[in-house]
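Undergrad: Here you go, sequence then predicted model.
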Amino acid sequence: MAAVPEEQQWNTILRILEKQPDLKERLRRTLFSEEFLSLPEALRVVENQLRRLAEAQQRTQEQLDALMEMQRRNEAEWAEFRRASEERLTKLEETVQSLVEAQEKSEERLTRLEETVQSLVETQKNFEERLIRLEETVQDLIEAQKRTEVQMGYLIKAQERTEKTLNKVVEILAEHSKAIGDLKGEILEMKYRSHPTYFCALVQLSELKVWGLLDGGRVLPPD
């Protein structure tokens, strides 16, 4: 029966502690040592250190993976380099052999080339002789061209004089045509005045039509 009041006392104490945080903190510091109270902070520090250590470990692992990948690539590149070097060495040996054969062929070709050069020397001599004759022919053509140009100059000047003469003839013909037209007009006017009755029927016709009828013989002038 005595346990019930004790439990009630504890409940009362707990309610008081919940309502008074300062009292609760004083009781906690009284019951526990400073080392025990500092454990949560120490745990947080350890957790932070462990987290940083894990991050560093992750970075180290990534760097290690990168180094391993680089090593793998280096090994592959080295294998490829050795294979390529062997191929190049084989090709170089084949090239040397080809050069030896080419040297032999070059000597043969050189002999033939010397013979060809000798033929070219003789051909060059013949060519020079032909070139001299060609130069003489070209010189003759140049002189003939100069004479042709002089003659063309004369022809051009004659053509210009002919064109000027034709232009003057055209001007004279134009002046004559105008004079003839004026003369026809004066003659027609004189006929109008001397024979007014005869031209009554033609009064509606233009001067050009009247002269056309007269020139065509369709209308006879009065006696």
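TA: That came through, no problem. Residues are numbered from 1 along each chain as shown.

Undergrad: name the helices or strands packed onto the top helix by length along the chain?
TA: The longest helix of the chain (DSSP state H) is helix 39-194. Applying 3 or more C-beta pairs under 8 Å, 6 or more residues apart in numbering; DSSP states H and E, we find helix 39-194 packed against helix 207-216. Just so you know, the C-beta spots here come from the backbone N, C-alpha and C atoms, and that holds for glycine as well.

Undergrad: If you average the pLDDT over the helix it packs on, what comes out?
TA: Taken as a whole, helix 207-216 has a mean pLDDT of 56.

Undergrad: pLDDT weak spots in the protein?
TA: 1-5, 29, 31-38, 195-223 (pLDDT under 70).

Undergrad: quick one on the thing from earlier: how far out from the middle of the chain is the longest helix of the chain?
TA: 16 Å (C-alpha atoms, centre = their mean, to the nearest Å).

Undergrad: What's the local residue count around Gly185?
TA: By other C-beta atoms under 10 Å, 12 other residues sit near Gly185.

Undergrad: again with the one 5 residues further on
TA: Here the count is done by other C-beta under 10 Å, and Met190 has 10 residues near it.

Undergrad: so how far is Arg161 from Glu171?
TA: Look at Glu171 and Arg161: by C-beta to C-beta, to the nearest Å, they are 16 Å apart.

Undergrad: Oops, could you answer that again for Glu77 instead?
TA: Applying C-beta to C-beta to Glu77 and Arg161 gives a distance of 93 Å.

Undergrad: Could you do Gly153 as well?
TA: Per C-beta to C-beta, Gly153 is found 13 Å from Arg161.

Undergrad: between these two, what contacts are shared?
TA: Shared contacts of Gly153 and Arg161 (C-beta atoms under 8 Å, 6 or more residues apart in numbering): none.

Undergrad: Go ahead and list the helix or strand containing Arg15.
TA: Arg15 is part of helix 3-19, with elements assigned from DSSP states H and E.

Undergrad: Give me the helices and strands touching the helix or strand following that helix, please.
TA: Once the chain leaves helix 3-19, the next helix or strand it forms, by DSSP H and E, is helix 21-31. When contacts are defined as 3+ C-beta pairs under 8 Å, 6+ apart, helix 21-31 packs onto helix 3-19.

Undergrad: Does anything pack onto the helix it packs on? Which helices or strands?
TA: Counting contacts by 3+ C-beta pairs under 8 Å, 6+ apart, helix 3-19 packs against helix 21-31.

Undergrad: any idea of the angle the helix it packs on forms with helix 3-19?
TA: Calculated by axes from the mean of the first three to the mean of the last three C-alpha atoms, to 10 degrees, helix 21-31 forms an angle of 120 degrees with helix 3-19.

Undergrad: Which residues belonging to helix 21-31 are considered buried?
TA: When burial is assessed from 16 or more other C-beta atoms under 10 Å, helix 21-31 yields no buried residues.

Undergrad: Can you dump the C-alpha atoms of it in PDB for me?
TA: The C-alpha trace of helix 21-31 is given here as PDB (Å, rounded to 0.1, in the frame of the first residue of the first chain):
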ATOM      1  CA  PRO A  21      13.100  23.200 -17.300                       C
ATOM      2  CA  ASP A  22      15.600  25.000 -15.200                       C
ATOM      3  CA  LEU A  23      14.900  22.700 -12.300                       C
ATOM      4  CA  LYS A  24      15.100  19.700 -14.600                       C
ATOM      5  CA  GLU A  25      18.500  20.900 -15.900                       C
ATOM      6  CA  ARG A  26      19.800  21.400 -12.300                       C
ATOM      7  CA  LEU A  27      18.600  17.900 -11.400                       C
ATOM      8  CA  ARG A  28      20.300  16.400 -14.500                       C
ATOM      9  CA  ARG A  29      23.600  18.100 -13.700                       C
ATOM     10  CA  THR A  30      23.300  16.900 -10.100                       C
ATOM     11  CA  LEU A  31      22.700  13.200 -11.100                       C
END
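
Undergrad: Many thanks, I have nothing further to ask.
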